[in-house]
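>>> Below are the sequence and a predicted model for it; my questions follow.
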Amino acid sequence: MRRLAIILLAAATGIGLLASTANASTPPTTDPGATTASTTDGKDLAPVDVVQVSGLIDEILVDEIATRVDAARTNGAQAVILQINSSGAVVSRDRMVELLGVIRDSAVPIGIWVGPSGANLYGLGAQMLAAADVTAMAPGAHIGKTGTPLVVDGVDIEFGVVTDRMRTESLGFQDAREHKALKLDTTDEGVPAVKNMVLAMDGLQVRGTTLDTISESRNDDGAKQNNATLVRFYKLGLLNQLLHTASSPAVAYLLFIIGLALLIFEFYTAGVGVAGVVGAVCIVLSCYGLASLPTRGWAVAAILLSMFAFAVDVQVGIPRLWTGVGVALFVIGSWFLFRNVLGADLRPSWITLLAGIGGIMLTFIVGMPSMVRTRFATPTVGREWMIGEMGTAVADISPEGIARVAGGTWRARTNRATPLKAGEVLRVVAIDGVTLEVEPEEGGAKDYREMRKKRGDGTGDDAATVETVEITGATPGAGVTA
C-alpha cells in the first residue's frame, strides 16, 4: 500500500510537470492561455475564439464560458465558438438561466458546435443551442433531452416545432436539420470539424454585422484557395482542469474511497507518511467533487460507517461480523451515491464499481489484517509480559476465539482438549504474533506429542528413571567416582 501511495504521488507530479512543459511550449498569442491555428493568408482577418467544453457542465465550465464570452469584447475576436461534448449539467436551473442570458446578450456573435463525431449535448446544456446565434453538429453527434424549457427574462426557450420532442428525445444531425433545430443550413452531412464551422460562418449576418472568416488567395498553380481566419483555442487551466476532473462521478468516487483507505492504513502504521499525505489530498479533491455533484448525503454516511466497521476488525486482526457489516454498507453507499441529472445517469460504470468494491474488499479482508498482524508480531512490540496473565473468554474458544486480557480484546487459541466457554477464566501461556495461546485457569492439557519428543531425545522422565536404576543397581562395595 505504501508503494502504491508513492506511485500515485509520483504520477501526479509527473502529470503536473508534463502539463507545465506543455504550457511553456505554447506559442505566444494576443491572449495568454490561448493556442492558435491559422493560415498565413488569413491572418489579417479578425480572429475567432474557440472554447472547448467537455464533460458535465459544472460551475467551473459555466465560469469559463462566461469569462471567455466577456473577454471577446476586448480581445478583438469577431465571434466565439463553443465546442461542446456534454451529457448533462450539474448546476442549478437558475445558474443555467444566467449562462443563457450571457450567451444571448453577448456583444460578439456566439456559435455552438457539437463535436467531434460521436459527441452529445444533452440536458439543460442543450438549451444553450436556442440562445446561440449559430449552431451546428458533427456527423454522428446528438442533441436533446432538454427537459422543461428554461425561462430567460420571461421568455421560454424553444426549438420551434421540435421543442416538445427534444424534451425527452435525442436528435441526430438529419433530424435536427430537418426540423430546423439548428441555426446553420449546410448541404453537407453535418460539420465534421471546428475549422469547417469557422468556414461555414463566413458571410453570415449576425446582430447587424457580417462575419468575415475566410480570405481568398492563390496557390503556386494560380488556383484560388480559401484560408480560414486565425482561430484561438481555449482550454481550462491546470488547476481548473484538475478540479473539473475531480467533479466527474467516477473520479470523485474513487478518490473518496482511496483517500479513506489510505488514511486508515496510515493510522495503523502509527505515523504520518506518504500514504497519509496522498490520502488527505484525495479526500480534499473528492470532497470538492462530491459537493459539485448531486450526491446523496445518506450514501456518503454509509460509506463512512463502512470504513469505521472495517477499522474495528482491522484492530482485531481478523475479519469478523463488522467486516460483513462494512461490506454491506459500502456496496449500498456506492450504488446509490449519486442522483441522476437530466440527460445523464451519474452512477459510476460497472468497471468503476467493481474496481472500487473489489479493491476495498481485498484491502480490508486480506491486506489490512495481514499488515497489522505482521507489524505487531515483531519483537519490538514487547508483549512477553502478558505470559502468565489471567483473563476471560469473550466468546467460546474451541480451539480459536476471542479473549479479554489486560483490558484488551485479543484473538486467542487453546488446546482442543481444553476448550473454553464464554466467561471462563484463562491464563496466557504463549504469544504467536497477535494470537494468544491460552489454557484454563486449572486443568490445562499437556501435549503428549511433546512428551514423546522429550522421551526420545533423552531429556524426559524416562531418562531420569534409567539413571536412578543404574545408580541403585550398582554392585555393593563398588566405588562411585566423580
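Ah, there it is.

>>> How much space separates Val62 from Ile264?
Computed as CB to CB, to the nearest Å, the Val62 to Ile264 distance reads 36 Å. Yep, even glycine has a C-beta here, placed from its N, CA and C like the rest.

>>> Now name the helix or strand holding Arg232.
Here Arg232, judged by DSSP states H and E, is contained in strand 231-234.

>>> next structured bit after that strand?
Next element after strand 231-234 (DSSP H and E): helix 238-246.

>>> and that following helix, what other elements does it pack with?
helix 2-24, helix 59-71, helix 249-268, helix 274-292 (3 or more CB pairs under 8 Å, 6 or more residues apart in numbering; DSSP states H and E).

>>> quick one, what contacts Ile258?
Each residue near Ile258 by CB atoms under 8 Å, 6 or more residues apart in numbering is listed here: Gly279, Cys282.

>>> Phe256 now?
By CB under 8 Å, 6+ apart, the neighbours of Phe256 are Cys282, Ile283, Ser286, Cys287, Gly289, Leu290, Ile303.

>>> Ile57 now?
Ile57 neighbours (CB under 8 Å, 6+ apart): Ser86, Gly88, Ala89, Val90, Val91, Met96, Gly123, Leu124, Gly125.

>>> just to revisit the earlier point, which of the helices and strands packed on helix 238-246 has the lowest mean pLDDT?
Note on the helices and strands packed on helix 238-246: helix 2-24 shows the lowest mean pLDDT, a mean of 40.

>>> ok, back up a step: looking at the contacts of Ile57, which has the most residues close by?
Gly125 (31 neighbours; other CB atoms under 10 Å).

>>> Asn85 is in contact with that one, correct?
No: Gly125 lies out of contact with Asn85 (CB atoms under 8 Å); the separation is 10.2 Å.

>>> where along the stretch 51-200 of the chain do the strands fall?
For the stretch 51-200 of the chain, the strands defined by DSSP state E, counting those that start in this stretch occupy 79-85, 110-114, 120-122, 134-137, 142-144, 151-152, 155-156, 170-171.

>>> Could I get the buried residue list for stretch 224-237?
Asn227, Ala228, Thr229, Leu230, Val231, Arg232, Phe233, Tyr234, Lys235, Leu236 (16 or more other CB atoms under 10 Å).

>>> mind saving the C-alpha coords of it as CSV?
Extracted in CSV, the C-alpha atoms of stretch 224-237 (Å, rounded to 0.1, in the frame of the first residue of the first chain):
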residue,chain,number,x,y,z
LYS,A,224,-8.0,30.1,-55.7
GLN,A,225,-8.0,28.7,-52.2
ASN,A,226,-9.9,29.7,-49.1
ASN,A,227,-8.0,30.4,-45.9
ALA,A,228,-9.6,30.5,-42.5
THR,A,229,-9.0,33.3,-40.1
LEU,A,230,-6.9,33.0,-37.0
VAL,A,231,-8.5,30.5,-34.6
ARG,A,232,-7.6,30.7,-30.9
PHE,A,233,-8.4,27.7,-28.8
TYR,A,234,-9.1,28.0,-25.1
LYS,A,235,-9.0,25.2,-22.5
LEU,A,236,-9.3,25.1,-18.8
GLY,A,237,-6.1,25.9,-16.8
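
>>> mind checking the SS state of Val438?
Assigned by DSSP: H, G, I helix; E, B strand; the rest coil, the conformation of Val438 is strand.

>>> and the residue lying closest to it once chain neighbours are set aside, how far is that from Met390?
Take Val438 and drop its neighbours on the chain: the residue closest to it by CB to CB, 6 or more residues apart in numbering is Leu426, 4.4 Å away. According to CB to CB, Leu426 and Met390 sit 7 Å apart.

>>> Now do the shared contacts for these two.
Contacts common to Leu426 and Met390, judged by CB under 8 Å, 6+ apart, are Glu441.

>>> if you count what's nearby, which of these two comes out ahead?
Leu426 (24 against 12).

>>> Go through the helix or strand hosting that one and flag the buried ones.
Assigned by DSSP H and E, Leu426 belongs to strand 425-432. The neighbour-count check on strand 425-432 (16+ other CB under 10 Å) flags Leu426, Arg427, Val428, Ile431 as buried.

>>> Then stretch 209-216?
Buried residues in stretch 209-216 (16+ other CB under 10 Å): Leu211, Asp212, Thr213, Ile214, Ser215.

>>> Ok, stretch 314-326 next?
Neighbour-count burial for stretch 314-326 [16+ other CB under 10 Å]: Val314, Val316, Gly317, Ile318, Pro319, Trp322, Thr323, Val325, Gly326.

>>> which one among those residues gets closest to Arg165?
Gly326 (47.1 Å; CB to CB).

>>> The closest one: what's it in contact with?
Leu305, Ser306, Met307, Phe308, Ala309, Phe310, Asp313, Phe364.

>>> For the buried ones among the residues you listed, write the corresponding PyMOL selection.
With 16+ other CB under 10 Å as the criterion, this PyMOL line picks the buried residues out of these:
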select buried, resi 306+307+309+310+313+364
